[in-house]
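J.: take a look and give me a structure for this.
(2 chains)
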Amino acid sequence: QKEVEQNSGPLSVPEGAIASLNCTYSDRGSQSFFWYRQYSGKSPELIMSIYSNGDKEDGRFTAQLNKASQYVSLLIRDSQPSDSATYLCAVISGYSTLTFGKGTMLLVSP
Amino acid sequence: DTGVSQDPRHKITKRGQNVTFRCDPISEHNRLYWYRQTLGQGPEFLTYFQNEAQLEKSRLLSDRFSAERPKGSFSTLEIQRTEQGDSAMYLCASSLTSGRAGGTDTQYFGPGTRLTVL
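T.: Numbers count the residues shown, from 1 in each chain, chains lettered A, B, ... in the order given. Next up, the predicted model:
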């Protein structure tokens, strides 16, 4: 059973702070890793993808992957109230289907 | 460039009725996926197509569920004899994959169809 684990939160941070979201996965053969943002009642929106160990930066977002520890994280710098949403970690192992975690709710207070 | 579209956006039905949802993927995307999401959970995979071929089905996809992608473009998901447990958001996603080993297969989601079974 392939599993993706996330802390459900909520993670509360003040505006302008760094939000750190974490994810672990069970299948050591996992190849591709994604972070999606989902606002309440809406569909998931792709934020970042990462495939190799290390860091990948895109604007205020940095994804970090450590395959040895089976760990993926997402850092959001200069957090804004508009970043308040549920962040879903998703993993592809073998076939092309995504296995999602339950998501972490992020609340950014003004 | 239009994204993935789904129709209808909302569907309310009575238990025992049949419902059908449609998904139009991003043009030229060869893979199309169906997921289901219930409150407080991440999306769960149901099935996917590469072109017109249905390549994988989840154990979640009971025999009351059927999906088609007849010409390799749009797809339909039908649920027969709906049950209250079928109430969920049904999400469609598409991707363009070369099929090479190590391909990235980034999936883009449509707005979803929210089904309520009374």
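J.: how much space separates B:E83 from chain A?
T.: Here the criterion is C-beta to the nearest C-beta, to the nearest Å. By it, B:E83 lies 23 Å from chain A. Just so you know, the C-beta spots here come from the backbone N, C-alpha and C atoms, and that holds for glycine as well.
J.: now chain A against chain B: closest residue?
T.: A:F100 (3.1 Å; C-beta to the nearest C-beta).
J.: excluding chain neighbours, what is closest to that residue?
T.: B:G42 (3.1 Å; C-beta to C-beta, 6 or more residues apart in numbering or on different chains).
J.: let me see the contact set for the one you found.
T.: B:G42 is in contact with A:V4, A:L88, A:A90, A:F100, A:G101, A:K102, A:G103, counting by C-beta atoms under 8 Å, 6 or more residues apart in numbering or on different chains.
J.: ok so, going back, run through the bridge partners of the residue of chain A closest to chain B.
T.: For A:F100, the beta-bridge partners are A:A90 (DSSP bridges).
J.: OK, contacts around it?
T.: Neighbours of A:F100 in contact, by C-beta under 8 Å, 6+ apart: A:V4, A:Y36, A:L88, A:C89, A:A90, B:G42, B:P43, B:E44.
J.: between the residues you listed, which is nearest B:F21?
T.: B:F21 lies nearest to B:P43 out of those, by C-beta to C-beta, at 14.7 Å.
J.: ok, how many other residues are close to that closest one?
T.: For B:P43, the count of nearby residues is 28 (other C-beta atoms under 10 Å in any protein chain shown).
J.: would you mark the buried spots in stretch B:8-15?
T.: B:K11, B:T13 (16 or more other C-beta atoms under 10 Å in any protein chain shown).
J.: check stretch B:80-90 too.
T.: Neighbour count says stretch B:80-90 has B:T82, B:D86, B:S87, B:A88, B:M89, B:Y90 buried, by 16+ other C-beta under 10 Å.
J.: tell me where chain A has strands.
T.: Secondary structure of chain A (DSSP state E): strands located at A:4-5, A:11-14, A:19-25, A:32-38, A:45-50, A:54-58, A:61-66, A:71-76, A:85-92, A:98-100, A:104-109.
J.: CSV please, covering the ones you listed and showing distance to B:Q37.
T.: Below are the strands of chain A laid out as CSV (distance: least, C-beta to C-beta, whole Å):
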stretch, distance to B:Q37
strand A:4-5, 14
strand A:11-14, 21
strand A:19-25, 17
strand A:32-38, 9
strand A:45-50, 14
strand A:54-58, 25
strand A:61-66, 22
strand A:71-76, 20
strand A:85-92, 10
strand A:98-100, 8
strand A:104-109, 15
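J.: save the ones you listed as TSV, and put in mean pLDDT too.
T.: As requested, these are exported to TSV (pLDDT from 0 to 100):
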stretch	mean pLDDT
strand A:4-5	96
strand A:11-14	97
strand A:19-25	97
strand A:32-38	96
strand A:45-50	95
strand A:54-58	96
strand A:61-66	98
strand A:71-76	97
strand A:85-92	96
strand A:98-100	93
strand A:104-109	97
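J.: closest to B:L61 out of those?
T.: Checking these against B:L61 by C-beta to C-beta gives strand A:98-100 as the closest, at 15.6 Å.
J.: find the least confident helix or strand in chain B, judged by mean pLDDT.
T.: None of the helices or strands of chain B scores lower by mean pLDDT, DSSP states H and E than strand B:53-57, at a mean of 91.
J.: I'd like the next helix or strand past it.
T.: Following strand B:53-57 in sequence order, the next helix or strand is strand B:65-68 (DSSP states H and E).
J.: who does that next one pair up with?
T.: Going by DSSP bridges, the partners of strand B:65-68 are strand B:75-79 (antiparallel).
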